[in-house]
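A.B. asks: Give me a 3D structure for the following:
(2 chains)
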Amino acid sequence: MSREAFRAATPATLDLHGLRIGSPQTMGAVRIVPLVRERFVAPDADRAGDLRIAARDYGDSLAVVEVGGNAPAGPGLKYVSFVPHGLIVSYTTDGSPVVAQGASFGPASETRKDRFVRVMHRMVKPERSDGATSRLRMLPLHLAMEGFLALHFNGPDILWSEYSQQAIRRGLDPRSERSVRGTWLPGLEEAVRTFEIQPAQVGVLVFIADALACAFVVPHPDDYRRLHGTLLDDFFGELLREYAILYPHAAPAHAPLDGRGVTTLDELAHQVTRVRADWHAYAELLSAGLLGRAVRVERVRTMGPFRLERFVPVFDPDLECHLGERIVRDDGTLEYMKTFRLSAAQVRRAYVLDTLAAAAWNLDDAATALHTTVAGLTQRLVSAGFGYLLKPAVREALLRTKPR
Amino acid sequence: MTTAHERVAREDLLTFVSACFASTGQREFYSDSRGQGVSISFLHDYVLGNYRVLYARVLACGINDHNQAEIIFRLLASGRRVAPEHRAEEGALVYRALERLPAQRAMRLLERLAQARVNNRRTRAIVRRYLGAMRDRELRAIKYRRRFRVAAAHVHLPFDGELGRLFVKGWREQAYRTPLFESFRRAHFAEAAIYDLPYTIAEGLARKHGVARDVFLRKIEPRMTNLERLRLQDTTRDALGTAVAFDAARLSPTRLASYVLSLSPAERAARRDELTAALQAAAARAVQRTNARLGKVACVLDRSWSSSGSSEKRRRPLAVALATSWFVRAAASEHRAFWTQPTPDELLVDAVGQTDLVTPLLAAMAWRPDLVIIVSDGFDNDPPGTAGELLAIARARGLCPFTLHVNPVFDDVSLGPRPLGAAVPTMGIRDAEDLPTAIAFGAYAEGGGTFAELSAALDARVAHFLARPGEP
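C.D. replies: Got it, this is the predicted structure:
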């Protein structure tokens, strides 16, 4: 078992290069902000694209996904997840246009069985190409999530005496996290149904009770129109479900139109432009937890001029943290992005692991970095569910000493 | 001197009339039919309880059929509470409104009265008179057999002529002298007779005889009503190869617009001349019927995604916008339409995009019209809520002429069509030809007219409504 994510990561910041933030549409607790791609805005714009994304419906089924590179049905490293749909990415490397292709997987009868487990080969897998067009299948957000789960997956790489045999032999295996499906978020379904998609829109920022739930960007407006409904099948952080229940209505936000001193229609039009700018600034303010934050980016695949990458933030329990995946063109244009908001507990877990790894898994050094004692660190590890990393005797002894 | 009571009464009444134009009890894009039912029935109860005389007079305002039927039902069901001096007027209004309702709605209303056991003397008199004097009585007795029988039995109407044999004595037993009744009887045994019956009755009997669909449609074609022809366009095209012809000029512009919007863009483009001529004819006829004359009018029309309506009202808000454009074109000396997403060709319009009312409003104001008409569901979201503020500022600065917001969508939270701020009046609308009425009420609301003026205007409408009994 050796698989670890973000070993060869580069620091970067996220931005929405090539996209414009529009005015939000609010329904209950959900505020959805459209993202418009500049090059499609003009009415006679060239609508062709050399990277397209389509959905593939897997029905309501569980899947076992092989991540090690072995045969999916054989032994090896795998994860189990509910996979309602996958994405088919089609691209050409010479810039010639591609048509998005939807596809269904397996015979229809297969999806009608009530419980079955689909077996899949990796989160991202190339498929049969069609002439100059290359295709690959990916499971949305799984790349990012698997990266998160596989952070420091191997466990301690120096055999400090405190660590248990399990930690040394198997690392953090098994590792699990929970998330909720979009349909379980009260109000999201209604908001997605009544959302009015703009003609040049390629993405959204979804806010629940004014907390950024996810960013979703695709390359082409036609793709977005088809994939809009898949927001309900995506997974969201548990925190957002609580927000959606606790705050059924988003805080009222309004950008007033200032009529003072307005005498002509041109001045009025100018004021309207300012209102639009206000909304733009508001959306930027609300999404500051994602955009402009330092992240670690790992390149997963290079596809001609496009790079498929996944990213995790620099974990900080005091800040909101989003992880995700994206496809970036070599000129920096964001072609695809999907993010996931981590709950506070998830951030704490990742933060502790990060700190331990940075301290070369030395408990004393890690405790110093966290401004606590070894006993305090042990307490944290146990409450984060990582107690099994330490030898039981050591763990009990450390827990009995009073933290400072 | 306006008392507080009069001010409240005026506002209540305007809210109610506006809601009665928009509400159809059907699901809307943003809200479901259940919430709407609660909302509109509260309004009915409230106005009936507090302003009974005005409640009855609203029947004369040209509100939609659904709410007319609702008002008639509630008035008849609470007959005891009417003051003696208003009894005659109320009775006349109810009868006149019942007479003008489409037959299927009227018969459904009579059945509802029977089910609710509303059986006071006035109800019996009105229903008896209605059933006795209706046009095409035999046709309706056949077409709405069950409801006719229930209603007539409920009000103790004797079945005169051959009606008794049809309804009571086992209709299969004897031959009838009335040709339609005889066809109805024979149609149960011989296929040839079904083609003398109304389409809806013949359809069921054709199935009984196992008549092939295409044969049936070809033979029954002369018996189809205009609306049946419109409804069966696709069916007849599939079965016969060519769709049955219908008289577009006799349709209301909104219904025709709904039909146009149901066609694919390619088909609309291919039939451009025919559809344009039909829309023109329907609009011209509607203008003639309503006697509307307008000056230089700018229409700001909402074609955002929410104008696609609901599964029960497919594309209705968009159809109203399209029909309004054609209606105004026929009624105004100068006309220009400003859509929320610019459309090079109005005939190919579809529901797409966000609701940006601000940009077309600014363009409309720059054209300097005498009147601006906004057709929108009132949910402006790009930027959110700015259209109302823009109108308030523009009106205050004199940059914008009289502006009326007409809204084809009932919003249960607002107890009526959702307004665009307080600066412009909002009126509900069901069909484009309601526009002159909406303009009249809107101008009254805008001018801050008194309750006495509103009352006088209603009186005039009532007199007009009751005066011409022959007119449908």
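A.B. asks: what are the phi and psi angles of the residue nearest to B:T290 when sequence neighbours are not counted?
C.D. replies: Nearest non-adjacent residue to B:T290, counting by CB to CB, 6 or more residues apart in numbering or on different chains: B:P436, 5.0 Å away. Yep, even glycine has a C-beta here, placed from its N, CA and C like the rest. Reported as degrees, to the nearest 10, the phi and psi values for B:P436 are phi -60, psi -40.
A.B. asks: and B:P436, how many residues sit next to it?
C.D. replies: 18 (other CB atoms under 10 Å in any protein chain shown).
A.B. asks: Contacts only, for it.
C.D. replies: B:P436 sits next to B:290-292 when contact means CB atoms under 8 Å, 6 or more residues apart in numbering or on different chains.
A.B. asks: same check, this time on B:N67
C.D. replies: B:N67 neighbours (CB under 8 Å, 6+ apart): B:19-21, B:23, B:40, B:44.
A.B. asks: Kindly recompute the last result at 7 Å.
C.D. replies: Contact partners of B:N67, counting by CB atoms under 7 Å, 6 or more residues apart in numbering or on different chains, are B:20, B:23.
A.B. asks: did I read that right, it in a helix?
C.D. replies: Yes. Assessed with DSSP: H, G, I helix; E, B strand; the rest coil, B:N67 lies in a helix.
A.B. asks: how far away is it from chain A?
C.D. replies: 26 Å (CB to the nearest CB, to the nearest Å).
A.B. asks: For the stretch 301-404 of chain A, which segments count as strands?
C.D. replies: With DSSP state E, counting those that start in this stretch as the criterion, the stretch 301-404 of chain A has strands at A:306-313, A:322-329, A:334-341.
A.B. asks: and chain B, which of those is closest to it?
C.D. replies: Closest to chain B of those, according to CB to the nearest CB: strand A:334-341, at 21.4 Å.
A.B. asks: Let me see the ranges of the strands in the stretch 351-472 of chain B.
C.D. replies: Ranges of strands within the stretch 351-472 of chain B are B:371-375, B:402-407, B:410-411, B:416-417, B:426-428, based on DSSP E, counting those that start in this stretch.
A.B. asks: could you redo those as CSV and give each row distance to chain A?
C.D. replies: Formatted as CSV, the strands of the stretch 351-472 of chain B follow (distance: least, CB to the nearest CB, whole Å):
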stretch, distance to chain A
strand B:371-375, 13
strand B:402-407, 14
strand B:410-411, 13
strand B:416-417, 17
strand B:426-428, 19
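A.B. asks: Could you point out which of those sits nearest B:A206?
C.D. replies: Evaluated over these, closeness to B:A206 peaks at strand B:410-411, with 38.5 Å, by CB to CB.
A.B. asks: What mean pLDDT does that closest one get?
C.D. replies: On average, the pLDDT along strand B:410-411 is 92.
A.B. asks: Give me the helices and strands touching it, please.
C.D. replies: Where contact means 3 or more CB pairs under 7 Å, 6 or more residues apart in numbering or on different chains; DSSP states H and E, strand B:410-411 is packed against strand B:416-417.
A.B. asks: buried ones in stretch B:370-390?
C.D. replies: B:371-390 (16 or more other CB atoms under 10 Å in any protein chain shown).
A.B. asks: what about the residue of the stretch 101-250 of chain A found nearest chain B, distance to B:L362?
C.D. replies: Closest approach between the stretch 101-250 of chain A and chain B, counting by CB to the nearest CB: A:E196, at 4.0 Å. A:E196 is 20 Å from B:L362, where distance means CB to CB, to the nearest Å.
A.B. asks: More neighbours: which of the two?
C.D. replies: Between A:E196 and B:L362, counted using other CB under 10 Å, the more crowded position is A:E196 (24 against 20).
A.B. asks: Contacts only, for that one.
C.D. replies: Contacts of A:E196 (CB under 7 Å, 6+ apart): A:25, B:304-306, B:353-355, B:381.
A.B. asks: so can I have CSV of those showing distance to A:N154 and pLDDT?
C.D. replies: Formatted as CSV, the contacts of A:E196 follow (distance: CB to CB, whole Å; pLDDT from 0 to 100):
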residue, distance to A:N154, pLDDT
A:Q25, 45, 93
B:S304, 53, 94
B:W305, 50, 94
B:S306, 53, 94
B:G353, 50, 91
B:Q354, 49, 92
B:T355, 53, 93
B:N381, 49, 89
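A.B. asks: CSV for those residues, including distance to A:A244?
C.D. replies: Shown next, in CSV, are these (distance: CB to CB, whole Å):
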residue, distance to A:A244
A:Q25, 16
B:S304, 26
B:W305, 23
B:S306, 23
B:G353, 27
B:Q354, 23
B:T355, 25
B:N381, 20
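A.B. asks: Of the residues you listed - the most surrounded one?
C.D. replies: Neighbour-wise, these (other CB under 10 Å) top out at B:S304, 28 neighbours.
A.B. asks: If I look at the residue of chain A found nearest chain B, what pLDDT would I see?
C.D. replies: Nearest residue of chain A to chain B (CB to the nearest CB) works out as A:G259 at 3.5 Å. pLDDT recorded at A:G259 is 85.
A.B. asks: isn't it right next to B:I393, touching?
C.D. replies: Yes. Contact status for A:G259 versus B:I393: in contact at 3.5 Å, counting by CB atoms under 7 Å.
A.B. asks: more neighbours, those two?
C.D. replies: B:I393 (20 against 16).
A.B. asks: Contacts only, for the one residue in the stretch 301-450 of chain B that gets nearest to chain A.
C.D. replies: Nearest residue of the stretch 301-450 of chain B to chain A, counting by CB to the nearest CB: B:I393, 3.5 Å away. Going by CB under 7 Å, 6+ apart, B:I393 touches A:257, A:259, A:262, A:268.
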